[in-house]
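K.L.:
just need the structure, nothing else, for what follows:
(chains A and B)
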Amino acid sequence: MAQITEQADIRPRHGLAQWSEQIAFAVLIVFLIIAPSFIYPVLLMKALCFAIFACAFNLLIGYVGLLSFGHALFFGWSSYVCAFAAKRWGFPPELAILAGTGAAAVLGLVAGAIAIRRQGIYFAMITLALAQMMYFFALQAPFTGGEDGIQAVPRGYLFGLFNLADQMTMYAFVVVVFLACFLLIYRIINSPFGEVLKAIRENEPRAISLGYKTDRYKLVAFVLSATLAGVAGSTKALVFQLASLTDVHWTMSGEVVLMTLLGGLGTVFGPAVGAFIIVAMQSYLAGFGQWVTVIQGGIFVVCVLLFRRGIVGVIAQALRIKL
Amino acid sequence: MFDFLGIPPQALFGQLLLGLINGSFYALLSLGLAVIFGMLNIINFAHGAQYMMGAFVAFFLLQFGIGYWPALIIAPVIVGITGIIIERLFLQRLYQLDHLYGLLLTFGLALIIQGLFRHQYGSSGLPYAMPAQLTGGHNLGFMFLPNYRAWVVVLSVVVCFGTWFVIEKTRLGANLRAATENPTLVRAFGINVPRMITLTYGFGVGLAALAGVMAAPIYSVNPLMGADLIIVVFAVVVIGGMGSIMGAILTGFALGVIEGLTKVFFPEASNTVIFVIMVIVLLWRPAGLFGRAA
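P.N.:
Predicted coordinates:
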């Protein structure tokens, strides 16, 4: 069976190539430090939240080969729980994020246990349907605020010390959260556990024949991905001080697929790059209304037909490095 | 009149009829998805957008003085032709790849189509008048039956079973099923399989457009009319299992009726009942009610 990810040829040709990931990571950090001086911090924070979301999603599609079309479920519901905890229960930000993330983990466990019962296309349709079900719950449930969402969520004081209402403090916090998630995902995919995931992606029957309980691995990967998507959703709720229906809608699930596909499925940096590009595009084209949707659809078509490796995948292939 | 569990019969049968109407659309759409999936191994995410296009083409035809009855034929043909173009231009390049790429590509196409229509017509609905012959209705004693709704159910049943008959009982259908099983061998017998695949996609898309024309007088013609519907139809397809044409049809009608009944007895759950049933079916029979285990 053909694979959803196309691996770049990564035989190193020169000495620097083996340091490619470290160099790219250093460039990323430098960018995040200097970026606020020329890019609006809220836009950067939005892009970083989506970058976490896309990296979490990529963990599933890129390394296990499972296409979830319902990741907005975890993103949106974690942001509701985080916003509710911060506003109604008066949780400090770190606990509110923890609450949102925990909710996403529980939802991930339930949705994952149901969805991994089918493979391939069915998996995508089931996750989409489950997310749509929870969208209707969000629409009707009393505590989500229906069409209004939960507004004016207080950012509070992180650990009782740092006032997140200050834009740059919030930015620093989001950068730290992003880097932590990014390194965690990097650690996961390069661990023995990650190797088993890749083996399942390449050839599931063979992994089973080698004695791996693949369903268990897939479920753990699903829960990890949902949990990290929960971190993204919770952080976004604090950044925008808002949790709304947009974040649980299927269009959000589509957007995270688009970001990951554009950046490069199964690459370490691709999803983050894709998230920055899509967020930037939405922000600069906001005045064009429906054309944004049309352009997003066009990017899907072009990516699928012409460059399935995505931007980072193409660069990695051209330079013969790992990214 | 009698009351059933405290529900007046008018309300009960009224919702049952609405459920049957929704079921007609679910059946037509999931049938189209199943036919396309059987032949192309692609889940057509653009199905909802193509359903919407059917309604819009009927609306455009009306501007040229072409009424409902001709539109019932012309609109599916026009939309089917756009489907054939899509298959030739895009989908045929994906058959060698993972099935998920087909899903992603058709999702992108759905975004493009819906975005273009929304740009042009906004998101409020456009009215489409009912054909004069089918206005009014009959009083059946226990309920009022609008003629148009009865027509939708009857036409949908006829089209669904006609499709089932062609695929399961005719020589053309036998070729089609054989090509699904083993395209290489069928080509060796001199049958043009790529053309068959193209026409199958056109036919499946045409079914979606037909459902769109039928829906136009009931629901308003609206660029997003297919967007949420397609997700419900996906759940229907998961419940039925895509291996069987009859399974797709029966599941579609049954779930429409169940959804209608839910509106009577537990209205809060009417949006979600199909998804809940999907979860139960997945836990009990992962391959779907009519599906074969992979």
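K.L.:
ok, which stretches of chain A are strands?
P.N.:
Per DSSP state E, chain A carries strands over the ranges A:157-158, A:162-163.
K.L.:
which residue packs closest to the closest residue to chain A within the stretch 151-294 of chain B, ignoring adjacent ones?
P.N.:
With distances taken as CB to the nearest CB, the stretch 151-294 of chain B approaches chain A most closely at B:Phe275, which sits 3.6 Å away. Heads up, the C-betas are built off the backbone N, CA and C, glycines and all. Spatially, and ignoring its direct neighbours in sequence, B:Phe275 is nearest to A:Met133 (3.6 Å; CB to CB, 6 or more residues apart in numbering or on different chains).
K.L.:
the one you found against B:Ala269, yeah?
P.N.:
No. Assessed by CB atoms under 8 Å, A:Met133 is found out of contact with B:Ala269, at 10.2 Å.
K.L.:
these two - which one has more neighbours?
P.N.:
Relative neighbour count places A:Met133 above the other of A:Met133 and B:Ala269, with 23 against 15, counting by other CB atoms under 10 Å in any protein chain shown.
K.L.:
for that one, what are its contacts?
P.N.:
Listed by CB atoms under 8 Å, 6 or more residues apart in numbering or on different chains, the contact set of A:Met133 reads B:272, B:275-276.
K.L.:
can the helix or strand where B:Gly206 lies be found next to chain A?
P.N.:
Under the criterion DSSP states H and E, the helix or strand holding B:Gly206 is helix B:193-215. No. No part of helix B:193-215 sits close enough to chain A to count as contact by CB under 8 Å from any CB of the partner chain; the gap is at least 15.3 Å.
K.L.:
could you find the closest non-adjacent residue to the residue in the stretch 1-150 of chain B positioned nearest to chain A?
P.N.:
Here the residue of the stretch 1-150 of chain B nearest chain A is B:Gly108; by CB to the nearest CB that distance is 2.5 Å. With sequence-adjacent residues excluded and distances taken as CB to CB, 6+ apart, B:Gly108 is closest to A:Phe300, at 2.5 Å.
K.L.:
just the pLDDT at the residue in chain A positioned nearest to chain B, thanks.
P.N.:
Proximity of chain A to chain B (CB to the nearest CB) peaks at A:Phe300, 2.5 Å away. On pLDDT, A:Phe300 comes in at 92.
K.L.:
surely it touches A:Glu255?
P.N.:
No. Assessed by CB under 8 Å, A:Phe300 is found out of contact with A:Glu255, at 10.6 Å.
K.L.:
tell me who's in contact with B:Met130.
P.N.:
With contact set as CB under 8 Å, 6+ apart, B:Met130 has these partners: B:68, B:148, B:217.
K.L.:
three-state assignment of it?
P.N.:
When the structure is split into helix, strand and coil by DSSP: H, G, I helix; E, B strand; the rest coil, B:Met130 lands in coil.
K.L.:
that one and B:Leu145: what is the separation?
P.N.:
Separation of B:Met130 from B:Leu145 (CB to CB, to the nearest Å): 14 Å.
K.L.:
B:Ile191 now?
P.N.:
Distance check for B:Ile191 against B:Leu145: by CB to CB, it reads 46 Å.
K.L.:
quick revisit: what's the burial count for the residue of chain A closest to chain B?
P.N.:
When neighbours are defined as other CB under 10 Å, A:Phe300 has 25 of them.
K.L.:
can you check B:Val279 too?
P.N.:
Other residues near B:Val279 number 21, with proximity taken as other CB under 10 Å.
K.L.:
correct me if wrong: it contacts A:Leu130.
P.N.:
Yes. Under the criterion of CB under 8 Å, B:Val279 is in contact with A:Leu130, at a separation of 7.4 Å.
K.L.:
name the residues contacting each of those two.
P.N.:
Contact criterion CB under 8 Å, 6+ apart; residues shared by B:Val279 and A:Leu130: A:Ile114.
K.L.:
for residue 289, give me its contacts.
P.N.:
Unless you meant another one, I'm taking chain A. B:His119.
K.L.:
I was after chain B.
P.N.:
With contact taken as CB under 8 Å, 6+ apart, B:Leu289 is in contact with B:239-241, B:247, B:251, B:281.
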